[in-house]
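Peer 1: return a 3D structure for these sequence lines:
(one chain, ligands or ions: 1)
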Amino acid sequence: MIKAVLFPKSRTTVRRCARGAGPALRRPPSARKTPKPFHAAARHRGPGCLNGRVTRASLDKQPHEVASMFDDVAANYDLTNDVLSLGQARLWRKEVARAVDARPAQKILDLAAGTATSSQPFARAGAYVVPCDFSIGMLRVGKERHPWMPFTAGDGTKLPFKDETFDTVTISFGLRNIQDTGAALSELYRVTRRGGRVVICEFSQPTWAPFRTVYTEYLMRALPPVARAVSSNPDAYVYLAESIRAWPDQAGLATLLQKAGWSDVAWRDLTGGVVALHRGVRA
Ligand SMILES: C[S@@+](CC[C@H](N)C(=O)[O-])C[C@H]1O[C@@H](n2cnc3c(N)ncnc32)[C@H](O)[C@@H]1O
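Peer 2: Next up is the predicted model:
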């Protein structure tokens, strides 16, 4: 059973639509306070719709558009991920598992868990894991695959949990999709116990300039055509590419974490910075 359904108010109208500390950890330079601005043009592009379905959210990330888009890709989401990441997604998940370092009886929140593929390593380690997401389509697919897990429907900016409930909170490839990043980071902080930790896995910026150019100018542009071959909704991968380009870099996200109250903020680059693992502690 899926618990505590908290839909964004306008969801129904849309349907009609018009190991943590390693040597490579970096800390944010205190001088750099302002995250990179979002890509202005892409931000104003509207959502994609087909036959009343939201196929692609706009970069304004209206919650109902985002939830609807993920409902639409839920069935093939994990397979498409594996193909489009050229298998890297599995390596990234192993690194998240090392950073979270789940232990038996720990309470872990996996926010924006989708089908709960990201939650599995923590459950296997014996932790009590709550996969939470606001796409009912993703939760449904997850519940079919992992019926024993306490899937919870909830919005990352208004979490349906009491203060200081979890030992560790984590979010993989979800924070970028949440409209109000600061509100989500503050909510994650609120539901974490004192001394508890946050681990964020998210796309970021390759650090080596020549690779960054190849990645942003060529690989990202190749995403939608490749997605056309493997995904039921290639439009969603146009959003994926746009939202990655518009997302703050490693230092920018670290600054947002600090602003939300997290201490000891640091990050580690994976695949040359294509993905970054950020972590922080609730003092
Ligand atoms: C790319 S998927 C990641 C799923 C999973 N964490 C993984 O690594 O496979 C992003 C998820 O974020 C969820 N999401 C986006 N905004 C959200 C919000 N405000 N509250 C809860 N979930 C949200 C979407 O519904 C989607 O399932």
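Peer 1: longest strand anywhere in this structure?
Peer 2: Longest strand in the chain, counting residues (DSSP state E): strand 192-203.
Peer 1: all strands of the protein, in order?
Peer 2: Applying DSSP E to the chain gives strands spanning 48-50, 53-56, 107-111, 128-133, 152-153, 166-172, 192-203, 263-270, 275-281.
Peer 1: just list what the longest one packs against, helices and strands only.
Peer 2: On a contact count with 3 or more CB pairs under 8 Å, 6 or more residues apart in numbering; DSSP states H and E, strand 192-203 meets helix 88-100, strand 166-172, helix 181-190, helix 250-259, strand 275-281. Every C-beta, even on glycine, is put in place using the N, C-alpha and C of the backbone.
Peer 1: quick check: buried residues in that strand?
Peer 2: 192, 196, 197, 198, 199, 200, 201, 202, 203 (16 or more other CB atoms under 10 Å).
Peer 1: now do the contacts for the second one.
Peer 2: Okay, so that is residue 196. Neighbour list for residue 196: 164, 166, 167, 168, 169, 281, 282 [criterion: CB atoms under 8 Å, 6 or more residues apart in numbering].
Peer 1: give me the number of residues near residue 101?
Peer 2: Other residues within reach of residue 101, judged by other CB atoms under 10 Å, total 15.
Peer 1: just the pLDDT for it.
Peer 2: Residue 101 is assigned a predicted lDDT (pLDDT) of 98.
Peer 1: stretch 208-219 spans what distance, first to last residue?
Peer 2: In stretch 208-219, first residue to last residue: 15 Å (CA to CA, to the nearest Å).
Peer 1: next one: that stretch to chain centre, how far?
Peer 2: The chain centroid and the centroid of stretch 208-219 are separated by 22 Å under CA atoms, centre = their mean, to the nearest Å.
Peer 1: what does stretch 155-168 contact?
Peer 2: Residues contacting stretch 155-168 (CB under 8 Å, 6+ apart): 4, 6, 8, 63, 100, 102, 106-109, 111-112, 130, 132, 134, 152, 154, 171, 174-175, 178-180, 183-184, 187-188, 190-194, 196-199.
Peer 1: write the PyMOL selection for whichever of those are buried.
Peer 2: Buried residues within those, by 16+ other CB under 10 Å, are selected in PyMOL with:
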select buried, resi 8+63+100+102+106+107+108+109+111+112+130+132+134+152+154+171+174+175+178+179+184+187+188+190+191+192+196+197+198+199
